[in-house]
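Got a predicted structure plus its sequence, pasted below:
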Amino acid sequence: MGDNQNLLAEQRRALILDEVRRRGGVRVNELTRRLMVSDMTVRRDLDALARQGALEKVHGGAVPVAEASTHEPGFEVKSSLELTAKEEIARAAAAMAVPGSAIALSGGTTTFALARHLLDVPDLTVVTNSVRVADVFHSAQRAAGDARTIRPGAATVVLTGGVRTPSDSLVGPVADAAIRSLHFDVLFLGVHGISVEAGLSTPNLAEAETNRRFVGAARRVVVVADHTKWGTVGLSSFAALEQVDTLVTDGGLSGAARAEINEQLPGLIVAGDTADGSAEASAGAGEDAAAEEPAASD
């Protein structure tokens, strides 16, 4: 891990989690040496991560949480993980949004981060089943002045309605019916898991059906997912990898995973990583999107 004496708590904990996942467990004395912090600091970090459900403390260290395929963490737990990666992914994905286009954002903490970066893209029509995502746009409108007056260029936001999940997504028949008659230029999709065998998956059966509707209504599907989602499989698959146009992820993705994804998907963007030409891939994706005409309004 190198000399991380001056790391912030968030960065330290991200490194600890990465080590736990990579090695299948860590000991406190190993972390104190690698992070160059006190035993007490490491134990506080492990306590905080355990409270979030990100790992399990054991005598002398920590191990990964053994999650069932039906386990769905709450929004607050997920939002505290991989913060830097999610911001990098959100910034790269936002460059793919074309002014005046119709886009969809699914629920999730990465799409929540993306929504904040989309506030400066003019004249978007945004359909979402995420209460949190919708609130990003509505809060920006309120902050701009009179909530009854729509500022020029502000996004038009449609919230689907439906039954709320632990991750604050709206799912079920109401959400499905709202999406059924719509057409999107681009769908930005957050996922619980992504793999070659299972494709895109989620622990929530109703959310799987709603996401399936989103995928079917989009001309282009962009998955936004940090590297920890690769190889994770939830209870219900809702799309095959061949239905995905682009995956936007972060530099924590292993070389083997990148090679496997490049064989399966037309586009892979590794946010914040220019060593493998990802910056060029990102620019090309944006140009391709800009060349497309926005979908006609219904």
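Everything's here; your move.

what's the spacing between Asp123 and Ala134?
18 Å (CB to CB, to the nearest Å). From N, CA and C alone the C-beta is placed, and that goes for glycine too.

who's more crowded, these two?
The residue with more neighbours, out of Asp123 and Ala134, is Ala134; 20 against 14, by other CB atoms under 10 Å.

all helices of the protein, in order?
Ranges of helices in the chain, per DSSP state H, are 9-23, 28-35, 39-51, 75-79, 83-94, 109-117, 131-143, 173-180, 205-217, 255-264, 278-291.

is it possible to export these to a markdown table including mean pLDDT and distance to Gly161?
Compiled in a markdown table, those are given as follows (pLDDT from 0 to 100; distance: least, CB to CB, whole Å):
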| stretch | mean pLDDT | distance to Gly161 |
| --- | --- | --- |
| helix 9-23 | 81 | 34 |
| helix 28-35 | 90 | 46 |
| helix 39-51 | 90 | 33 |
| helix 75-79 | 45 | 18 |
| helix 83-94 | 91 | 25 |
| helix 109-117 | 94 | 18 |
| helix 131-143 | 88 | 10 |
| helix 173-180 | 94 | 5 |
| helix 205-217 | 95 | 11 |
| helix 255-264 | 92 | 34 |
| helix 278-291 | 41 | 28 |
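
so which of the ones you listed comes closest to Glu242?
Among the helices of the chain, helix 255-264 comes nearest to Glu242, with 7.4 Å by CB to CB.

Kindly export that closest one (C-alpha atoms) in PDB.
Extracted C-alpha coordinates of helix 255-264, given in PDB (Å, rounded to 0.1, in the frame of the first residue of the first chain):
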ATOM      1  CA  GLY A 255      -6.100  -6.400 -15.900                       C
ATOM      2  CA  ALA A 256      -7.700  -9.800 -16.300                       C
ATOM      3  CA  ALA A 257     -11.200  -8.300 -15.800                       C
ATOM      4  CA  ARG A 258     -10.500  -5.600 -18.300                       C
ATOM      5  CA  ALA A 259      -9.400  -8.100 -20.900                       C
ATOM      6  CA  GLU A 260     -12.500 -10.200 -20.300                       C
ATOM      7  CA  ILE A 261     -14.800  -7.100 -20.500                       C
ATOM      8  CA  ASN A 262     -13.200  -5.900 -23.700                       C
ATOM      9  CA  GLU A 263     -14.100  -9.300 -25.200                       C
ATOM     10  CA  GLN A 264     -17.700  -8.900 -24.200                       C
END
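
got the buried residues for stretch 126-139?
Val126, Val127, Thr128, Asn129, Ser130, Val131, Arg132, Val133, Ala134, Asp135, Val136, Phe137 (16 or more other CB atoms under 10 Å).

Return the set of residues that bridge with the third one.
The residues paired with Thr128 through beta bridges, assigned by DSSP bridges, are Leu105, Leu159.

show me the contacts for the spatially most central residue of the chain.
Closest to where the C-alpha atoms of the chain average out (CA atoms, centre = their mean) is Thr110, at 2.9 Å. Neighbour list for Thr110: Lys86, Ile89, Ala90, Gly190, Val224, Ala225, Asp226 [criterion: CB atoms under 8 Å, 6 or more residues apart in numbering].
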